[in-house]
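S.K.: What follows is a predicted structure for the sequence shown.
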Amino acid sequence: MKDDLSESLFLIQFFIGVVAFTTLVLTTVTNERNQSQAEVYKLNFSLARKVKEVERLNKIMVGAIKETRVEKIKANAKNSLS
């Protein structure tokens, strides 16, 4: 009977150890996932700001190109009339 009790206590301790280890592993993995997700959100926000800035600059450049073309057309028209 004493051996059964010792074996039962050992198995319970072993089970508790496995549960504790599993909990630590799952907690670590969950924390890493949460940190990675937070970093992805941060980078996504940063990228969205940069995309908006590029779009703004692109509109400025398109406007400048259009103005340059209009000026060239006007200059060509003046030259052809002369």
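M.R.: Looks like it arrived, so ask away. Residues are numbered from 1 along each chain as shown.

S.K.: Please identify the helix or strand for the residue nearest in space to the middle of the chain.
M.R.: Nearest to the geometric centre of the chain sits residue 40, at 2.4 Å (CA atoms, centre = their mean). Assessed by DSSP states H and E, residue 40 sits inside helix 2-81.

S.K.: Extract the CA atoms of stretch 73-82 and return them as CSV.
M.R.: C-alpha atoms of stretch 73-82 as CSV (Å, rounded to 0.1, in the frame of the first residue of the first chain):
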residue,chain,number,x,y,z
ILE,A,73,3.1,73.4,-75.8
LYS,A,74,2.7,77.2,-75.5
ALA,A,75,6.4,77.7,-76.3
ASN,A,76,6.1,75.4,-79.4
ALA,A,77,3.0,77.3,-80.4
LYS,A,78,4.7,80.6,-80.1
ASN,A,79,7.7,79.4,-82.1
SER,A,80,5.6,78.0,-84.8
LEU,A,81,3.7,81.3,-85.2
SER,A,82,6.9,83.2,-85.4
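
S.K.: which residues touch it?
M.R.: Taking contacts as CB atoms under 8 Å, 6 or more residues apart in numbering, no residue outside stretch 73-82 touches it. In this view, the C-beta of every residue, glycine as well, is placed from N, C-alpha and C.

S.K.: could you give the mean pLDDT of that stretch?
M.R.: Average pLDDT, stretch 73-82: 78.

S.K.: related to what we said a few turns ago, roughly how far does the residue nearest to the centre of the chain sit from residue 56?
M.R.: 25 Å (CB to CB, to the nearest Å).

S.K.: now residue 5
M.R.: On the measure of CB to CB, residue 5 and residue 56 end up 76 Å apart.

S.K.: which intervals of the chain have sub-threshold pLDDT?
M.R.: Within the chain, the segments meeting pLDDT under 70 span 1-2, 82.

S.K.: what about 90?
M.R.: Filtered on pLDDT under 90, the chain yields the residue ranges 1-5, 69-82.

S.K.: Can you dump the C-alpha atoms of stretch 13-33 in PDB for me?
M.R.: Provided in PDB are the C-alpha atoms of stretch 13-33 (Å, rounded to 0.1, in the frame of the first residue of the first chain):
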ATOM      1  CA  GLN A  13       3.800  15.500  -9.100                       C
ATOM      2  CA  PHE A  14       4.800  14.500 -12.600                       C
ATOM      3  CA  PHE A  15       1.400  15.500 -13.900                       C
ATOM      4  CA  ILE A  16       1.600  18.900 -12.100                       C
ATOM      5  CA  GLY A  17       5.100  19.400 -13.500                       C
ATOM      6  CA  VAL A  18       3.900  18.700 -17.100                       C
ATOM      7  CA  VAL A  19       0.900  21.000 -16.700                       C
ATOM      8  CA  ALA A  20       3.200  23.800 -15.300                       C
ATOM      9  CA  PHE A  21       5.700  23.300 -18.100                       C
ATOM     10  CA  THR A  22       2.900  23.400 -20.700                       C
ATOM     11  CA  THR A  23       1.500  26.500 -19.200                       C
ATOM     12  CA  LEU A  24       4.900  28.200 -19.300                       C
ATOM     13  CA  VAL A  25       5.400  27.300 -22.900                       C
ATOM     14  CA  LEU A  26       1.900  28.400 -23.900                       C
ATOM     15  CA  THR A  27       2.300  31.700 -22.000                       C
ATOM     16  CA  THR A  28       5.700  32.400 -23.700                       C
ATOM     17  CA  VAL A  29       4.300  31.600 -27.200                       C
ATOM     18  CA  THR A  30       1.200  33.800 -26.600                       C
ATOM     19  CA  ASN A  31       3.400  36.700 -25.300                       C
ATOM     20  CA  GLU A  32       5.600  36.400 -28.400                       C
ATOM     21  CA  ARG A  33       2.600  36.400 -30.700                       C
END
